[in-house]
Each structure stands twice: as C-alpha cells, then as structure tokens.
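> Pasting the sequence and the predicted coordinates here, then a few questions.
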Amino acid sequence: MIISDLSQIAGRTYPARRRTQNIVGGVAPIQATNFAMGNVTLEPNGGQVPWHNQEQEEVYFVVEGDGEMCLGSERKAVSTGQAVYIPPGVFHQLTNVGSTPLRMIYVYGPAGDVAHWRQELEGTLPVAGVDVPALPQGAQPQCTKKPE
C-alpha cells in the first residue's frame, strides 16, 4: 500500500504566494495515469493560482477560505465547501481575497505537469490581455512577479 501523507510533503512555494503539495503525481509517492491531485495554500490577501490554461480538465475544491475564481469570461466569489469545474483549454485564476489562508484541493486528468508551474518559476508566464485572453472585468490582477 502506498500512502501520501500531506504532513510529510514539503511542497513548493511559488512567486504568486502559494504553496503546492502534490498528493498524487509529480514528486508525490502515489503516481496515477488518469489524474493528479494536490493541496494548495494561497496566502492571505492576494495569494494566487495565476491566469493560465491547460489541456486537462480540472476541479478546484475550496477546503477553507474565501476566493475570487475567474473562468473564461466569468468571475465569481468562492468559499469553503465549493467546487469549480474547469473545462480543458479554458483560462482560469484563483485569488485569495480573504485575510486568512485559502486552502484548496485540485484534481486534474490525465496526469502530467502543467506548464504554468514551470512558467511561473521561470518568470515566463503569459500575461493576461497581452499574450493570452484578458481576465474578466473587475478581476484581481494576474500575478506575473518574477522569482526573486
């Protein structure tokens, strides 16, 4: 039996002020072909999964906290206990708009890395409204901060 223990997974911190811990896939002990899963903690007041898209379909489940979810041309508030379905190829962004950490679980399939992780670390994330479609009107700005 293979067990992925979140308390034993250091994860990686990204420039957009979030920590991602792979539970299934990536460097996690559990590997699957059809899906990947992880825990993401967005720092208070602006921690973010920046505007990006990917070929996999995905679900974000908010475990705790308050966020702003942008999906294509839509922008909505999300909070504890809510899940958002993200179709393949659709641009999306999640921003913590609360004063406490926002924690969410992602699941996407099929398994595999998504480009925005590498792009964010390299400082090459495509810019909303310049290189890729614009964010919905009134959305929190995309974090494109280069790594320090």
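Arrived safely, thanks for sending.

> what residue ranges in this structure are flagged as low confidence?
Counting by pLDDT under 70, the chain contains low-confidence residues at 146-148.

> Helices along that one, start to end?
Along the chain, counting by DSSP state H, helices occupy 115-122.

> Let me see the contact set for the residue nearest the centre of it.
For the chain, the residue nearest the mean C-alpha position is Val49 (4.0 Å; C-alpha atoms, centre = their mean). Neighbouring residues of Val49 by C-beta atoms under 8 Å, 6 or more residues apart in numbering: Ala16, Arg18, Val40, Leu42, His92, Gln93, Leu94, Thr95, His116. Where C-beta positions appear, they are placed from N, C-alpha and C, glycine not excepted.

> and if we set it to 6 Å?
Leu94 (C-beta atoms under 6 Å, 6 or more residues apart in numbering).

> now Gly47
So Gly47 contacts Arg17, Arg18, Asn96 (C-beta under 6 Å, 6+ apart).

> again, only using 10 Å
Residues in contact with Gly47 (C-beta atoms under 10 Å, 6 or more residues apart in numbering) are 14, 16-19, 40-41, 65, 67, 94-98, 101-102, 143.

> go on, Phe61?
Applying C-beta under 10 Å, 6+ apart, the residues near Phe61 are Val78, Thr80, Gly81, Gln82, Ala83, Val84, Arg103, Met104, Ile105, Tyr106, Val107.

> what do you get for Thr95?
Contacts of Thr95 (C-beta under 10 Å, 6+ apart): 16-17, 42, 45-51, 67-70, 75, 78, 102, 135, 139-143.

> what's the distance between the residue lying closest to it once chain neighbours are set aside and Arg103?
Nearest in space to Thr95, with sequence neighbours left out and distances taken as C-beta to C-beta, 6 or more residues apart in numbering, is Gln140 at 4.2 Å. Distance of Gln140 to Arg103, given as C-beta to C-beta, to the nearest Å: 18 Å.
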